[in-house]
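Peer 1: What would the 3D arrangement of this be:
(one chain, ligands or ions: 1)
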Amino acid sequence: MVKAVYPGTFDPVTNGHIDIIRRAANVVDSLVIVVSVNSGKNPVFSMEERMDIIREVVKDIPNVSVIKSEELTVSCAKELGASIIIRGLRAVTDYENEMQLAQTNRYLDENIETMFMATSKEYSFLSSTVVKELAYYGADISALVPEVVEQRLKEKITKI
Ligand code: ADP
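Peer 2: Numbers count the residues shown, from 1 in each chain. This next block holds a predicted model:
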């Protein structure tokens with residue numbers, strides 16, 4: 001039984017993330033989406049909101065579950081019995097950070113492998129930051145995020 005974790009901030013989840021989730025879920029038996037606190041970022045959506053949104057959009061994928069984590073990804077993976085960390089790669093700009101992260105995680109636990117999935121080309125420019133920026137200026141983001149994200153972002157923005 002191959003179990004993997006897909007960690008991230010998901011503030012909010014985009015169609016780029018969902019593409020990785022669906023493709024990863026096809027090649028492992030069980031995929032756990034790990035929503036990280038990420039002290040370095042100041043999220044727009046709370047942890048509970050981010051988890052609720054992801055649960056809603058992945059509810060049709062039977063081997064995917066969602067949890068939160070306030071600890072290191074490798075510790076979380078070990079506790080869950082997962083041997084793989086999934087990360088998505090967009091452009092070369094992701095490469096340096098992702099390589100450093102993967103090597104750090106390997107240093108922490110050499111039994112857990114990081115596996116990269118290449119973004120689908122239609123999502124290669126897409127990030128949570130881009131989506132928030134576009135939503136703030138009222139641009140159409142309907143092709144970039146699930147409907148629930150579009151609605152929740154509109155609500156957030158009108159509250160600012
Ligand atoms: P983090 O703060 O951990 O980078 P993110 O939510 O920004 O969290 O991203 C989680 C993972 O999803 C990262 O591996 C990131 O590279 C990947 N990812 C984000 N957007 C895309 C996309 N459009 N296509 C493929 N992978 C993506």
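Peer 1: Report the mean per-residue pLDDT for the helix or strand hosting residue 158.
Peer 2: For residue 158, the host element (DSSP states H and E) is helix 147-159. Helix 147-159 comes out with an average pLDDT of 90.
Peer 1: and what of stretch 101-110?
Peer 2: 98.
Peer 1: can you give me how far that stretch is from the chain middle?
Peer 2: Centroid separation between stretch 101-110 and its chain, computed with CA atoms, centre = their mean, to the nearest Å, is 19 Å.
Peer 1: Same check on stretch 134-146?
Peer 2: On CA atoms, centre = their mean, the centre of stretch 134-146 falls 18 Å from that of its chain.
Peer 1: hang on, residue 127 packs against residue 17?
Peer 2: No. Using CB atoms under 8 Å, residue 127 makes no contact with residue 17, being 9.6 Å away. Heads up, the C-betas are built off the backbone N, CA and C, glycines and all.
Peer 1: neighbour count winner among the two?
Peer 2: residue 17 (25 against 15; other CB atoms under 10 Å).
Peer 1: Figure out the helix or strand that that one lives in.
Peer 2: Assigned by DSSP H and E, residue 17 belongs to helix 15-27.
Peer 1: Report the buried residues of that helix.
Peer 2: 15-21, 24-25 (16 or more other CB atoms under 10 Å).
Peer 1: so which of these also contact the ligand?
Peer 2: Applying CB under 6 Å from any ligand atom to the buried residues of helix 15-27, one finds that 16-17, 20 fall near the ligand.
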